[in-house]
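Enquirer: just a sequence and a predicted model for now, questions to come.
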Amino acid sequence: MAYIQWLKHESSGVISFAFSPDGTILATSSSNNTVALVDTASHTMRHRITDFTDEVTYLKFSPDGTVLATVSRYSDVLLVDTASGRVILKILNDSSAEFCFSHDLALLAIAESESSYDRSCHTVVLTDLLSGSVRFKLHPVSPGTGSPNLLAVSLDKLQLAIGWDDGSVHVVNASSGKTRHKLALFKTSVARLLFLPNGMLVTNASNERLLALVDPTAGVVRKWFTDHSYNDILAVSPDGSLLAKAKESEGSIVELVDARTGVVRHELTHHKKRIWNLAFLRGGSLLATFSADGSATLVDPVSAVVRRTVKHKLIGYPKFAFSPDGTQLALGPDGADFVVTVVEISSGVVYTLRTQPDDAARSRQRTSSGNEPAPAFRGLFSPDGNVLAIESSPRFGQRCLGLVSVSAMKECRRREDSMVDAAPVAPRPWIKQWDRPTKRVCYRNPTDPVRDHATLWSIAEVAEAIRTKKAKDARRLRDEEDRLCKSAEAKVAKVKATAEAKAARAKAAADERALTEARRRTAGAPPAPKPWMKTWNTVTSTVEYHNPDTGKSVKTVAAAVAEIVEERRAAEAVFALQLGFPESSVVAALQESQGNKDRATELLIQRALLPADGLLPRVDAIRSALEITTPARQIRTVIREANALLGIAGGGPLPGQVTRIMTMLGL
């Protein structure tokens, strides 16, 4: 048998539901103005009560489970015998009103409106439900002075507390109807009235950070708490000895307060973010705290020691339910997956529960617009913790109600785990899981972002998927390497081109600066005499003077002028020789000069080699030419060669002698 059963008799939306004290009956109210009593073991409907004129919004069982109290939207009260399904008492009201039952359903207090036109004129009626008689009626002082908005009956049924919208609290004797105390406590309407088992009264107001611990017998406030949370996060231990409350200024801190003296015993600071809810479990031996930091904890209220921490991933205000014995925690769906999580607190084992109804139930719950049930959640454990009632509601339309057998769910989980353990182990990162829709062991890869192989059914498929993935990864790696290489080459080429362009720009700039400097310095240098001209030597970066006729360069104007003088002297010597001046005078003039003597020397040699008598050359003319053109060491060698030539018998020099002599002279 499946461990979750959707109630097929609920053809309309569920409004509220409640378990009987022994957990055998589930009472559900529907939007068709009916209440059903369902057997939680067989999931069959025992009785359906149809004596309502409006939707039932409140359900409460008597401590022995024999009577069910129901209150409709307009405060019609019906008491139903759970064994027969018969209505044993009916109290009708003309309009909606505040109401309150005693803990054993023996008394009912209702704040009725005396006039359908004047809603501010109310009468508080206290009815004995066992006999069906009215004990008393309390009339207001005068119309317009305010109206009661909260009622509370003490556990001993001796006192009735009435909270008014002007912030005052009245304490009334529940036997005689006499008002004992009128306490002006707040500036806004009363938001909570709670009698503790020790007889103390806890009350606070809406939009105020005040919480009062009142002694209703003496009519005095025993303790004011000025940092109570606006969300009224408060829990009372079953014996009434402790109050657990969240502080507003420090939303993550829980205070444990002595309910009689108001002394703060402990401050719980283990949460990092705002507290969402508090609840006492196991008869007050554990305090459950639920926080926005992603954790729910179980705390020993006596020692303030954290006994267990359960992590959750709920976003926003949570939907959750603790079992009465504190051993299980049900968490509502996170997202749109219809999955409810049940945590076994003692072992930390997590059970996942898909709360989407089956096709038949979903088709009955489908609205006219075709909307599917969305993952809403409202959960309630039975008193023994063996049954969990969950509600899954669509975004628009009606709700579905299902019953979960917790023991069957755990047994099914153990059977699934054993089948998963028996299956072959998959290589990492693949993991073995149980697929509930197909009831088979499957393999999933939680690290695959593409989810190409989200679910596989055998090791062979997993191996093929791994081979395919490796090949794909290798191709992807090669493509990535090629892309990176091309990118690197492109980057290198770009850097090289950028460097070359930068170097070219730098060289052009340097050349431009050098040219500008050369122009400036050349323009600033003294002018050169003709035929000399100013030039710039790029090697030495200096201004020089160049003679294009002779190809000679000097560094100063004075040197150029000296060269011009020497050239003129040489030219004058050549001219003197041509005119027949004596060689001695020309040689003397040339010896004094430091200029170029090549042309004059050539003319002297040619003239010296011409024999005076037509036979022999003139030795003295040759020696004069050698003295001005050749170093001293060479003179002796040339003279020996000339004497050898001149000592040959016969006429003048042989053919080629003139050439040889000029070669020896370096001409």
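Expert: Done, it's in.
Enquirer: and the closest residue to residue 447 other than its chain neighbours, its phi and psi?
Expert: Among residues not flanking residue 447 along the chain, residue 429 sits closest, at 4.6 Å (CB to CB, 6 or more residues apart in numbering). Heads up, the C-betas are built off the backbone N, CA and C, glycines and all. Backbone geometry at residue 429, expressed as degrees, to the nearest 10, gives phi -90, psi 10.
Enquirer: what residues are up against residue 429?
Expert: Residues in contact with residue 429 (CB atoms under 8 Å, 6 or more residues apart in numbering) are 445, 446, 447.
Enquirer: need the three-state assignment for residue 460.
Expert: Here residue 460 is recorded as helix under DSSP: H, G, I helix; E, B strand; the rest coil.
Enquirer: number of nearby residues for it?
Expert: Look at residue 460: counted by other CB atoms under 10 Å, it has 9 neighbours.
Enquirer: how close does it sit to residue 443?
Expert: As for residue 460, its distance to residue 443 is 11 Å (criterion: CB to CB, to the nearest Å).
Enquirer: what is the neighbour count of the residue nearest to residue 557 when sequence neighbours are not counted?
Expert: Using CB to CB, 6+ apart and skipping residues adjacent in sequence, the residue nearest residue 557 is residue 526, 4.9 Å away. Per other CB under 10 Å, the neighbour tally for residue 526 reads 12.
Enquirer: wait, residue 296 sits on residue 329?
Expert: Yes. The criterion here is CB atoms under 8 Å, and residue 296 meets it with residue 329 at 6.2 Å.
Enquirer: for the host helix or strand of residue 222, buried residues please.
Expert: Here residue 222, judged by DSSP states H and E, is contained in strand 220-225. Buried positions in strand 220-225, judged by neighbour count with 16 or more other CB atoms under 10 Å: 221, 223, 225.
Enquirer: in a markdown table: the contacts of residue 429, plus pLDDT.
Expert: A markdown table is the format used below for the contacts of residue 429 (pLDDT from 0 to 100):
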| residue | pLDDT |
| --- | --- |
| 445 | 79 |
| 446 | 75 |
| 447 | 74 |
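Enquirer: looking at those, which one is closest to residue 322?
Expert: residue 446 (30.0 Å; CB to CB).
Enquirer: roughly how far apart are that closest one and residue 351?
Expert: In terms of CB to CB, residue 446 sits 19 Å off from residue 351.
Enquirer: and those two? which has more neighbours close in?
Expert: residue 351 (18 against 10).
Enquirer: pretty sure the more buried one contacts residue 344?
Expert: Yes. With contact defined as CB under 8 Å, residue 351 reaches residue 344; the gap is 7.2 Å.
Enquirer: overlap of the contact sets of the two?
Expert: Common neighbours of residue 351 and residue 344 (CB under 8 Å, 6+ apart) are residue 410.
Enquirer: can you name the element that comes right after the lowest-mean-pLDDT helix or strand in the chain?
Expert: Least confident helix or strand of the chain, by mean pLDDT, DSSP states H and E, is helix 359-365 with a mean of 41. Tracing the chain C-terminally past helix 359-365 and defining elements by DSSP H and E, one meets strand 378-381 next.
Enquirer: how far off centre is the next helix or strand after that following strand?
Expert: Next helix or strand after strand 378-381 toward the C-terminus (DSSP H and E): strand 387-392. Taking CA atoms, centre = their mean, to the nearest Å, one finds the center of strand 387-392 at 35 Å from the center of the full chain.
Enquirer: how about stretch 195-208?
Expert: Counting by CA atoms, centre = their mean, stretch 195-208 comes out at 43 Å from the chain centroid.
Enquirer: buried ones in it?
Expert: 195, 196, 197, 199, 200, 201, 202, 203, 204, 205, 208.
Enquirer: what about that stretch, start to end distance?
Expert: Stretch 195-208 has an end-to-end distance of 20 Å (CA to CA, to the nearest Å).
Enquirer: neighbours of residue 110, how many?
Expert: Neighbour tally, residue 110, other CB under 10 Å: 21.
Enquirer: for residue 515, same thing?
Expert: 12.
Enquirer: going on from the helix or strand containing it, what's the next piece of helix or strand?
Expert: Taking DSSP H and E as the definition, one finds residue 515 inside helix 459-524. Downstream of helix 459-524, the next assigned helix or strand under DSSP H and E is strand 533-537.
Enquirer: direction included, what does that next one pair against?
Expert: Strand pairing for strand 533-537, using DSSP bridges, gives strand 542-547 (antiparallel).
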